[in-house]
Structure formats: structure tokens, C-alpha cells
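Enquirer: Sequence first, predicted coordinates after that:
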Amino acid sequence: MSYDKPLPRINADNQAFWEGCRMHELRFQQCKGCGHVRWPPSDRCPRCHCTETRRLISKGIGRVYTFAVYHVAYHPGFAGDLPYTVAVVALDEGPHLLTNIVGCRPEQVVCDMPVEVAWEDVVDRITLPKFRPLSSAEGLG
């Protein structure tokens, strides 16, 4: 199966995140100084400037912070997906991810809607974290 959409660029800074995604884990840096969970990864905490981190694995539950429904494909790979929803999801642990909402019609998406991660294995080395409506009220923060 070929995949004709753009793929993320993996580098030394985000490699741990994308390796986690391949294993169906959302991995983030958590500051050892103040506990702030951050995305994107960085060499120091934006809150306290500490350089020490630990890995935090997210539960993959959050809420739609904002979203847009695309009715035009700005890349030919997305033409068959129209209309589709792009959203910023605020995870319960703090980070905000730019992602897609799947598993429902675009008109069903609303801000503050509870969502959970839905993994899409697109090629051998890349798994994308997308989000779908939360199937139960459990785990909401």
C-alpha cells in the first residue's frame, strides 16, 4: 500500500515522540524541575529553564481546543478525504497537538469535545496519532 500524503520529518529532537507513536504511545518530555509537560520537545523547560527531563507517556485523552473543517484539498493526497477535520487537541497532561479528528462526521465536532487517540499506521516507520470521540466518559480530566 502506498501513502501519498506528507509525512512528518523526524529529527533528533522529535525522534523519541515518533518512536513512541510507532509503539502506540504518546511520549512527551516532562521537566524534572517543575513538572511541566511539553510539546514540541526542547532542550530546556520553557517555564523554569531546567535542562533535566523524564519521559511521560500520555493516556491519549483530551478535548478539542479548536478545529477547522477542510473542504478543499491543498495537497492532492487529501482529495479523497474531503471534507476532513483538523484540530488542536488539548491533552489531559497539558500538551496541545495539531491532528485530525476521525470516527465522526465533521459537523459533529465541537470545541471541548472529549476525544481519545486513534492510531493510524501509515508506513512501516510512521504511525500518526489522530483522535476520535471518546467512547466513554471515563478518564476525563
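Expert: Perfect, I can see it now.
Enquirer: And the helices in this protein, which stretches?
Expert: Along the chain, counting by DSSP state H, helices occupy 15-22.
Enquirer: Give me the below-cutoff pLDDT ranges for it.
Expert: 1, 136-141 (pLDDT under 70).
Enquirer: okay, which residue is most central for it?
Expert: Geometric centre of the chain, nearest residue: L97, 4.2 Å, by C-alpha atoms, centre = their mean.
Enquirer: Could you check how far the closest residue to it other than its chain neighbours is from A16?
Expert: Counting by C-beta to C-beta, 6 or more residues apart in numbering, V89 is the residue found nearest to L97 once chain neighbours are left out, at 5.1 Å. The way it works is simple: take the backbone N, C-alpha and C, and place the C-beta from them, glycine included. In this view, V89 and A16 are 20 Å apart by C-beta to C-beta, to the nearest Å.
Enquirer: These two: which is more packed in?
Expert: Counted by other C-beta atoms under 10 Å, V89 and A16 do not tie: V89 has more neighbours, with 26 against 15.
Enquirer: Would you check that the more buried one makes contact with I61?
Expert: No. With contact defined as C-beta atoms under 8 Å, V89 does not count as touching I61 (9.4 Å).
Enquirer: residues shared between the contacts of the two?
Expert: Counting by C-beta atoms under 8 Å, 6 or more residues apart in numbering, the residues touching both V89 and I61 are V115.
Enquirer: and the residue nearest to P133 when sequence neighbours are not counted, how many neighbours does it have?
Expert: In space, not counting the residues next to it along the chain, P133 is nearest to C104; the distance is 5.3 Å by C-beta to C-beta, 6+ apart. C104 has 13 neighbouring residues, counting by other C-beta under 10 Å.
Enquirer: can you check the one 4 residues further on too?
Expert: Counted with other C-beta under 10 Å, the burial measure for Q108 works out to 11 neighbours.
Enquirer: In contact with V89, which residues?
Expert: By C-beta under 8 Å, 6+ apart, the contact set of V89 is G62, R63, V64, Y65, H96, L97, T99, V115, F131.
Enquirer: Cheers, nothing more for now.
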